[in-house]
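Enquirer: The sequence and its predicted three-dimensional model are supplied below.
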Amino acid sequence: MSYPYQIKSAEEYQAAYHKSITDPEGYWAAVASSFLWRKRWDSVLEWNFNTPEIKWFNGAHLNITENCLDRHLGSLGNKPAIIWEPNDPEEHHRIITYRDLHHKVGQFANVLKNNGVSKGDRVCLYMGMVPELAIAVLACARIGAIHSVIFGGFSAQSIADRLQDAQAHTVITCDGAYRGNKQIPLKSVIDDALVQCPFVTKVIVLTRTHTPVSMIKGRDLWWEDEIRKVETLGIHDCPAQVMEAEDPLFILYTSGSTGKPKGVVHSCAGYMVYTTYSFVNVFQYQPGDIFFCTADIGWITGHSYILYGPLSAGATTLMFEGIPTWPDAGRFWQIIDKYKVNTLYTAPTAIRSLMSYGLGPVHAHNLSSLKVLGSVGEPINEEAWQWLHQNIGKGNCPIVDTWWQTETGGILISNMAGVTPSRPSYATLPLPGVDPILVDENGQEILGNDVSGNLCIRHPWPSIIRTTYGDHERCRTNYFATYPGLYFTGDGCYRDQNGNYRITGRVDDVLNVSGHRIGTAEVENAINMHSGVIESAVVGYPHDIKGQGIYAYVVYSSSHGDENLSRQDIIQTVSRIIGAIAKPDKIQFVTGLPKTRSGKIMRRILRKIAENEPNSIGDTSTLLDPSVIDEILKNRI
Ligand code: PRX
């Protein structure tokens, strides 16, 4: 497969960028013409950021799975689409060619249809990193059902919230999932969630761990039985549902500064074009390369750069079920060696964790197949960047530092491997079609270079968020109302002398813990559910491995009990309400929180204390009771 839109030099990048800003519609129409359409668009772009309403390729008809599967059957049919490496290196890996994948997606799409799922229905997927997760995602897209994948680390309560919000009547899960030496009982978590979701009528369960599960008559079905049923009926292929360009493709929940996660909605055509385009350009994918993205499909990185981007580009994508440190800290390196991986796309937190094991596990494997390295999810610190560059890339592999978000669908700011220069801790330059702007608190544009501000984007790119599911107003207020006429990212950013961008972290109440986005309000809500808690305030603090850790200040009613037990109890509560990823790292019991006279918690002060910068606490004279600060400082953990 060839990519006529692949940019091959810095000069080509400059020209493409210029064209994309001066004539965005012409630019994207040319890119889009390399895809498979049932009907071409009537207009390339219609948009209004105030409402917001954004339509790319309006009037076009397509199905993203025809681009990811059918169009490759001729020349790439026997080529591996997915290489699957199991959690346990002793277990057999699987190689699924484009032809196999097309067949399996068709089969499962028929299973969904047979169970009453049709276009526009929401289907929730709560599975481990098994090939059937990829198959189920694509099967939903095949019939136009809207998938909502929930990361396997979320609790029953979080699943119930998401199922209710999306009104998903169908759930696809596994009996269990393997993660290192642990087994996660996925079906049993689903059973707990479904107590609150009587509207769920079908649960399809894939066998993976053989963990005993209870099946509810009429509701719960085995994946394997359902496949046999469609086979017996003699149904084979599943024709793709014809979709409108702006029909929703999926919902993915993400955290914001308010308590409830929001369902980010992406639509079919723009998302397809942009994920493929950015995949091919940022990583400089060459036909035959093996691409290994270590994310989980439960997050946007997995959606865009394990599945849709690579598959639409006809690439070979490697999907790994396990974790980087089991059975030992050489697991990534062993996989790279085993499959002769060409591109490794991973997260700074994983790199920092692997660095702590020294170079022994690295040197045990041959990494000479690597050509490109990528980083995503949080700012990459210079030390991790250098370690990756020297020890994994052996000084020869460009590192792409890719900045983007669930809401952006694809990478917006990044160097392009070997095409535009990299610079440690800088995402560097915007991709064509992306027009970044820095603004101050009042929304005034900050012009020039060597300046910092809040990062916004001026013009829509094809994979921009379309709405937040069931609540369009929330989409408007969250992203388009802070600075009218602009998309606000929530990130702070520095632009250097040469116009390179460096993301400095969130400027709202969102934490980034091990590359996972967690709202402080969400954690506070969970802590406050504990019967002994009167109120709480949660802030982030620098953490060597996780990037940010979670520091909770808790006003607790029963001061007589064992403090450590109470801490454990609160941690358990957060785990039950949100999931293990949101567990506080530190809990400090306090008698009161610093508040203004109007009752607002002064998080800025709490953040400084958690960061161990007591000298920069600043003015406390507006506090209702400044003495609480002394107590908090004295008992800091
Ligand atoms: O703060 C930025 C950070 O991750 C946030 C988006 O999180 P999420 O929607 O979960 O998506 C993560 C994967 C795309 C951003 O607002 N972030 C992401 N990539 C980078 C980053 N911060 C700095 N550098 C990056 N490369």
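Expert: Structure's in. What do you need?
Enquirer: On the three-state scheme, residue 250 is what?
Expert: What DSSP: H, G, I helix; E, B strand; the rest coil gives for residue 250 is strand.
Enquirer: Does it touch residue 303 like I think?
Expert: Yes. Residue 250 is within contact range of residue 303, at 6.9 Å (criterion: Cβ atoms under 8 Å). For glycine as for every other residue, the C-beta is placed from the backbone atoms N, C-alpha and C.
Enquirer: what do these two both touch?
Expert: Common neighbours of residue 250 and residue 303, counting by Cβ atoms under 8 Å, 6 or more residues apart in numbering, are 137, 149.
Enquirer: The residue lying closest to residue 221 once chain neighbours are set aside and residue 530: what is the separation?
Expert: Spatial nearest neighbour of residue 221, chain neighbours left out: residue 204 (5.3 Å); criterion: Cβ to Cβ, 6 or more residues apart in numbering. Plainly put, residue 204 is 35 Å away from residue 530 if you go by Cβ to Cβ, to the nearest Å.
Enquirer: Please apply the same query to residue 389.
Expert: Separation of residue 389 from residue 530 (Cβ to Cβ) stands at 45 Å.
Enquirer: circling back to that earlier point, tally of neighbours for the residue nearest to residue 221?
Expert: Look at residue 204: counted by other Cβ atoms under 10 Å, it has 26 neighbours.
Enquirer: go on, residue 357?
Expert: 14.
Enquirer: Residue 201 now?
Expert: 12.
Enquirer: contacting residues around the closest residue to it other than its chain neighbours?
Expert: Excluding its sequence neighbours, the residue lying closest to residue 201 (Cβ to Cβ, 6+ apart) is residue 169, at 5.1 Å. Residue 169 is in contact with 121, 122, 199, 200, 201, 202, counting by Cβ under 8 Å, 6+ apart.
Enquirer: do that again at 10 Å, thanks
Expert: Contacts were defined as Cβ atoms under 10 Å, 6 or more residues apart in numbering; by that measure residue 169 touches 115-117, 121-124, 163, 197, 199-202.
Enquirer: Check residue 278 too.
Expert: 304-305, 309, 402, 404, 408-412, 414, 416, 431-434, 461-463.
Enquirer: Take the residues you listed and keep only those in helices.
Expert: Those of the contacts of residue 278 mapping onto helices are residue 309, per DSSP state H.
Enquirer: The contacts of residue 278 also near the ligand: which ones?
Expert: Among the contacts of residue 278, proximity to the ligand is found for 402, 404 (Cβ under 6 Å from any ligand atom).
Enquirer: Just the ones of the contacts of residue 278 in strands?
Expert: Per DSSP state E, strands hold the following members of these: residue 402.
Enquirer: Please report the distance of residue 614 from the ligand.
Expert: The gap separating residue 614 from the ligand is 26 Å, by Cβ to the nearest ligand atom, to the nearest Å.
Enquirer: surely that residue meets residue 633?
Expert: Yes. Between residue 614 and residue 633 there is a contact under Cβ atoms under 10 Å: 5.7 Å.
Enquirer: what touches both of the two?
Expert: Listed contacts common to residue 614 and residue 633 are 605, 608; contacts here mean Cβ under 10 Å, 6+ apart.
Enquirer: re earlier: closest one of the contacts of residue 169 to the ligand?
Expert: Closest approach to the ligand among the contacts of residue 169 (Cβ to the nearest ligand atom): residue 124, at 18.9 Å.
Enquirer: Now that closest one: closest residue in space, sequence neighbours ignored.
Expert: Distances taken as Cβ to Cβ, 6+ apart place residue 168 nearest to residue 124, at 4.2 Å, with adjacent residues excluded.
Enquirer: what about that neighbour, neighbour count?
Expert: When neighbours are counted by other Cβ under 10 Å, residue 168 registers 24.
Enquirer: sec struct for it, please.
Expert: Here residue 168 is recorded as coil under three-state DSSP.
Enquirer: Tell me which residues touch it, please.
Expert: 121-125, 145-148, 150, 159, 162, 197, 199-200, 251.
Enquirer: Please indicate which of these are buried?
Expert: 121-125, 145-148, 150, 159, 162, 197, 200, 251 (16 or more other Cβ atoms under 10 Å).
Enquirer: Distance check, residue 182 against residue 596.
Expert: As judged by Cβ to Cβ, residue 182 and residue 596 stand 45 Å apart.
Enquirer: Repeat that for residue 408.
Expert: With distances taken as Cβ to Cβ, residue 408 is found 35 Å from residue 596.
Enquirer: Which one's more surrounded, the two?
Expert: Ranked by neighbour count (other Cβ under 10 Å), residue 408 and residue 596 place residue 408 first, with 24 against 11.
Enquirer: Okay, and the residue of the stretch 51-200 of the chain found nearest the ligand sits in which element?
Expert: Closest to the ligand within the stretch 51-200 of the chain is residue 151: 10.4 Å, counting by Cβ to the nearest ligand atom. Residue 151 is part of no helix or strand, with elements assigned from DSSP states H and E.
Enquirer: Buried by neighbour count: which residues of the host helix or strand of residue 161 qualify?
Expert: Assigned by DSSP H and E, residue 161 belongs to helix 156-166. Within helix 156-166, the residues scored as buried using 16+ other Cβ under 10 Å are 156, 157, 158, 159, 160, 161, 162, 163, 165, 166.
Enquirer: Repeat that for stretch 561-568.
Expert: Neighbour-count burial for stretch 561-568 flags 566, 567 (criterion: 16+ other Cβ under 10 Å).
Enquirer: How about residues contacting that stretch?
Expert: Outside stretch 561-568, the residues that touch it by Cβ under 10 Å, 6+ apart are 530, 532-533, 552, 554, 556, 558-559, 569, 584, 586-589, 637.
Enquirer: Quick check: the residue nearest to residue 221 is in a strand.
Expert: Yes. Assignment of residue 204 by three-state DSSP places it within a strand.
Enquirer: Hmm, it is touching residue 140, no?
Expert: No. Between residue 204 and residue 140 there is no contact under Cβ under 10 Å: 11.7 Å.
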